[in-house]
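K.L.:
Sequence below, structure please.
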Amino acid sequence: MPKVTIVIPVHNREQLVKRAIRSCLGQTEADFEVNVVDDGSTDKTQEAVRCFDDPRIRLFTQSRNMGVGPARNRGVDEARGVWIAVLDSDDELVPDAVATIVRNAEENPDTDGFWFRCRLDDGSVSPSAVRCGYWIEGVKNRLEFFEACSGHSNEAVPVAKRSTFSHARYPVNRGLEELYQLNFPAHFKGRMCSEILTLYHQDGGDRLTRRVQRFDTDEDRQFAADRASTLDEALTLYAEDMRCHAPSHRVSIAKCSLVCLCSSYSSATGAVHWRLCVPRSPREYRCCG
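P.N.:
Just a heads-up that it's a prediction; the model follows:
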């Protein structure tokens, strides 16, 4: 049983996924496996993955494009490692990433998960300010972290024990991980770490952070509807916690829900959440950070 499983969901990135896999094979700690989940690609992504002659690289395929959440869940379901690290197909692990995960796990045996930092193409680091060793026990702590990052990037790299995914999983639709980020601390204990785990690139042509700004196709509109559904569930489950501990984050989620629902031609529910969750004179926040 490997110590770490690295899950890479990929869709139509035959060149970029090679870079991600090479970063895995260049690790200083060798006790890992890489589960690449091809999410219905129509290019030569599968051939690109199969060109790596290493038994630690395992390829799983989805019969159709289902979204990053289901692809991540598939990679977790097929995992054999104790710890799960998710790597986007256009990003890279730093050379000591797996060793960093293993060391933190050994030093904190009662911890169920970690969040690590990433370095962006411009050299900046996200999250930009992290208290080393900051414990996240419960939704309150996680929301306080989001509030502290208000106006700044809160992009962090999650690593969790495989056993935790029986209670906290990624979305089963095309939604993003906002709900997972709250469901995990609702059930498990995590730790925010100062180490950089990944290089966060922005050269992927279909990166999801760009998709939230355009809804041109049926697939984009389905993404908008699914993301709105995920945000709606987060607002339903954690609205009071957000109101007390992260008002800025609550405004951000409510606005993003409204944008997504309107863009998917289903604005009624979003309008309800807008009235319920946004204060009378809200500041302007990024809706899709």
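K.L.:
quick one, helices of the stretch 101-250 of the chain?
P.N.:
139-148, 178-187, 208-211, 218-245, 247-263 (DSSP state H, counting those that start in this stretch).
K.L.:
Okay, buried residues for the second one please.
P.N.:
Spelled out, it's helix 178-187. 178, 179, 180, 181, 182, 183, 184, 185 (16 or more other CB atoms under 10 Å). For every residue, glycine as well, the C-beta is placed using N, CA and C.
K.L.:
how about the second one, what does it touch?
P.N.:
It refers to residue 179. 171, 230, 231, 233, 234, 237 (CB atoms under 8 Å, 6 or more residues apart in numbering).
K.L.:
ok, residue 261 touching residue 228?
P.N.:
Yes. The pair residue 261 / residue 228 is scored as a contact, 4.4 Å apart, by CB atoms under 8 Å.
K.L.:
ok, now how distant is residue 148 from residue 154?
P.N.:
Taking CB to CB, to the nearest Å as the measure, residue 148 falls 9 Å from residue 154.
K.L.:
Residue 222 - how many residues pack around it?
P.N.:
15 (other CB atoms under 10 Å).
K.L.:
mind listing what the residue most central in space within the chain touches?
P.N.:
The C-alpha lying nearest the average C-alpha coordinate of the chain belongs to residue 177 (CA atoms, centre = their mean; 5.3 Å). Counting by CB under 8 Å, 6+ apart, residue 177 touches 69, 158, 170, 171.
K.L.:
Nearest spatial neighbour of the last one, chain-adjacent residues omitted?
P.N.:
It refers to residue 171. residue 69 (3.5 Å; CB to CB, 6 or more residues apart in numbering).
K.L.:
who's in contact with the one you found?
P.N.:
So residue 69 contacts 170, 171, 172, 173, 174, 175, 176, 177 (CB under 8 Å, 6+ apart).
K.L.:
and what of residue 20?
P.N.:
8, 10, 87, 88, 89, 90, 91, 92, 93.
K.L.:
so which helix or strand takes in residue 12?
P.N.:
Residue 12 belongs to no helix or strand when assigned by DSSP states H and E.
K.L.:
Any chance of the backbone angles for it?
P.N.:
phi 50, psi 50 (degrees, to the nearest 10).
K.L.:
Enumerate every residue touching it.
P.N.:
Contacts of residue 12 (CB under 8 Å, 6+ apart): 41, 42, 43, 45, 206.
K.L.:
And residue 189, by the same measure?
P.N.:
Contacts of residue 189 by CB under 8 Å, 6+ apart are 110, 111, 112, 113, 135, 136, 137.
K.L.:
Name whatever forms a beta bridge with it.
P.N.:
residue 137 (DSSP bridges).
K.L.:
residues of stretch 31-38 that come out buried?
P.N.:
32, 33, 34, 35, 36, 37, 38.
K.L.:
If we ignore the residues flanking it in sequence, what's nearest residue 153?
P.N.:
Nearest non-adjacent residue to residue 153, counting by CB to CB, 6+ apart: residue 126, 3.9 Å away.
K.L.:
The one you found: neighbour count?
P.N.:
19.
K.L.:
can you pull the pLDDT of it?
P.N.:
We have a pLDDT of 93 for residue 126.
K.L.:
same deal with residue 235?
P.N.:
Reported pLDDT for residue 235: 89.
K.L.:
before we move on, the earlier item: of all the contacts of residue 20, which two lie farthest apart?
P.N.:
The largest separation in these, counting by CB to CB, is between 10 and 93 at 14.9 Å.
K.L.:
Sort out which one of the contacts of residue 20 lies nearest residue 25 for me.
P.N.:
Taking these together and measuring to residue 25 by CB to CB, the closest member is residue 93, at 9.8 Å.
K.L.:
you'd agree the closest one is up against residue 24?
P.N.:
Yes. Judged on CB under 8 Å, residue 93 makes contact with residue 24 at a distance of 5.9 Å.
K.L.:
before we move on, the earlier item: distance to residue 78 added to the helices of the stretch 101-250 of the chain, as TSV?
P.N.:
Shown next, in TSV, are those (distance: least, CB to CB, whole Å):
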stretch	distance to residue 78
helix 139-148	28
helix 178-187	18
helix 208-211	22
helix 218-245	23
helix 247-263	30
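K.L.:
right, and the ones you listed - which one's nearest residue 4?
P.N.:
It is, among the helices of the stretch 101-250 of the chain and with distance given as CB to CB, helix 178-187, at 17.7 Å.
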